[in-house]
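J.: I would like the atomic coordinates for the input below:
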Amino acid sequence: MAAFGDFNELGIDIGDDGVALVEIQRPPNNFFSYRMISGLADAFEALDGEASARAIVLAAAGKHFCAGADFSGNSDAAEGADEPGALYREAVRLFSTKTPVVAAIQGAAVGGGLGLALMPDFRVAAPEARFTANFARLGFHHGFGLSATLPRVVGMQNAMELLYTGKRIKADEALDIGMVDKLVATADLRDEARALAAEIAKSAPLAVRSIRETMRGDLAQLVKEATDHELEEQDWLRKTNDFKIGIRAYAAREDAAWTST
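T.: I've put the predicted structure just below:
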């Protein structure tokens, strides 16, 4: 697929079955970044125009699907972003693409990584997969459109519990609440995700896109409205003492002593 194009930190291969495998290549953690989301938006838009790609499997190399933001001080989360909100504009572009997507999830899908995992139409997960909306544990507001996507997938009550507590849930619980559509052995993860995508690819492409647009409705617009608000909340919370405390406690793997300031 070299002739298809170069995209940030991604590998892309289109099979004879009409399924495009898009692999995030930032192992082992595949930390969330502007470059990653921008690259994914570019790649998915390009695949929308590729007749031989009728469905996409979104996978990740390494131990984790996407372990959230890198708080080590070496993060490139803003690399390439010229202003606040640029990353979320890329996220809206990603949600606006038209080709059906199946995610293959191993390891952690944390924070923004959870937001990314909720972009696809379906999620196939390995037993060791873990899901966390850990923003409140960091003294922060959630982002990446989770205000719109999480209740849509797991229901409002489950979404509020996950966001308020920041608790980590295992793959079997994610399956129970509808966050995951299928749980399979780790060795079979990509094959099972591809099998589902291949079933979709057997259907008439124009009909599938039409049905998908109907079923997802105004999701991209809802994500835009959600991220506009989420960014405002993140901006002021980033300046609080609690956010500093939360980041330090997270790095030290300790409980935070909040000050409400």
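J.: now for residue 99: which residues touch it?
T.: For residue 99, the contacting residues are 20, 44, 47-48, 53-56, 209, taking CB atoms under 8 Å, 6 or more residues apart in numbering as the criterion. The C-beta positions use only the backbone N, C-alpha and C, and glycine is treated the same way.
J.: wouldn't residue 88 be in contact with residue 144 here?
T.: Yes: under the criterion of CB atoms under 8 Å, residue 88 lies in contact with residue 144, with a separation of 7.2 Å.
J.: which residues are in contact with each of the two?
T.: For the pair residue 88 and residue 144, residues contacting each of them under the criterion CB under 8 Å, 6+ apart are 227, 230.
J.: neighbour-wise, which of these two wins?
T.: With other CB atoms under 10 Å as the criterion, residue 88 and residue 144 differ in neighbour count, and residue 144 comes out ahead with 29 against 24.
J.: give me the pLDDT value at the more buried one.
T.: Model confidence at residue 144, given as pLDDT, is 96.
J.: rewinding a little: filter the contacts of residue 99 down to the ones in helices?
T.: 44, 47-48, 209 (DSSP state H).
J.: which one of these is nearest residue 237?
T.: Distance to residue 237 across the ones in helices among the contacts of residue 99 (CB to CB) is lowest for residue 44, with 30.2 Å.
J.: can you tell me the closest non-neighbouring residue to the closest one?
T.: The shortest distance from residue 44 to any non-neighbouring residue, by CB to CB, 6 or more residues apart in numbering, is to residue 97 (4.0 Å).
J.: ok, now which ones touch that neighbour?
T.: Residues counted as contacts of residue 97 (CB under 8 Å, 6+ apart) are 41, 44-45, 47-48.
J.: so how far is residue 217 from it?
T.: Counting by CB to CB, to the nearest Å, the gap from residue 97 to residue 217 is 15 Å.
J.: about what we covered before: does the residue nearest to residue 44 sit in a helix or strand, and which one?
T.: Taking DSSP states H and E as the definition, residue 97 sits outside all helices and strands.
J.: that older thread, and the buried ones among the contacts of residue 97, selectable in ChimeraX?
T.: Typed into ChimeraX, the next command selects the buried ones out of the contacts of residue 97 (criterion: 16 or more other CB atoms under 10 Å):
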select :41,44,47
